[in-house]
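Q: I'd like to go over a predicted model; first the sequence, then the structure.
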Amino acid sequence: MSYKGWCCAGGLILMLLGSLPGIAQRQEIARVKSVAGEAAVQRGSEQLRVKPGDPLYEADIVKTGADGTMGLAFIDNTVFTAGPGSELALKHFRFDARNSTGEMLADIKHGSLSVVSGAIRLTRIRSCDSSIARPLVKPVTPCLKAV
């Protein structure tokens, strides 16, 4: 292949990689801290079994079975613990470590969630479905938004 052909092929590969959201733009927002019982993460159309230390990304959905729990440690040191029978969508997360500011949005469809706030302070909490809101160790509601 000529030099011009290699340049075109290389440019095409870079363009394709840049357009794939899972490869070029995905940043880790948390790690699985603990797992007990049945627990998984839905990433796109894939259902993944997880273990402590596995990375989590924006748009992941955490799912625990009837006997499962999963602890999550975010990069700002916020800690979530999803209780048995929970489904938690990690919808939005931004954190600037230089000035410890950011925002997160997590929706819990069902189940329970315990939260210990890290650098991103939970200044505003809104409920998505008050029928499943119940306090745990820390005050928690089914849908959390920190801004």
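A: The structure has been received and is ready for your questions. Numbering: from 1, shown residues only.

Q: Residues contacting stretch 64-83, please?
A: With contacts defined as CB atoms under 8 Å, 6 or more residues apart in numbering, stretch 64-83 is touched by 28-39, 50, 56, 62, 84-88, 93, 95, 97, 100, 102, 104, 106, 108, 111-120, 136. (Each C-beta comes from the backbone N, C-alpha and C, glycine too.)

Q: if you set the cut-off to 6 Å instead, what comes out?
A: Stretch 64-83 is contacted from outside by 30-31, 33-39, 62, 84-86, 88, 95, 111-120, using CB atoms under 6 Å, 6 or more residues apart in numbering.

Q: pLDDT averaged over stretch 27-34 - what is it?
A: For stretch 27-34, the mean per-residue pLDDT is 96.

Q: Can you give me the buried ones in that stretch?
A: By 16 or more other CB atoms under 10 Å, the buried positions in stretch 27-34 come out as 29-33.

Q: do stretch 44-57 as well
A: Of all the residues in stretch 44-57, those buried under the rule 16+ other CB under 10 Å are 50, 56.

Q: per-residue confidence averaged over that stretch?
A: Stretch 44-57 comes out at a mean pLDDT of 96.

Q: What pairs with the helix or strand where Ser114 lies, parallel or antiparallel?
A: Per DSSP states H and E, Ser114 falls inside strand 113-116. Sheet pairing of strand 113-116 (DSSP bridges) gives strand 79-82 (antiparallel).

Q: pull the CA atoms of the partner strand into CSV?
A: The C-alpha coordinates for strand 79-82 follow below in CSV (Å, rounded to 0.1, in the frame of the first residue of the first chain):
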residue,chain,number,x,y,z
VAL,A,79,-20.4,5.6,48.6
PHE,A,80,-23.7,4.0,47.5
THR,A,81,-24.9,0.6,48.8
ALA,A,82,-27.7,-0.9,46.8
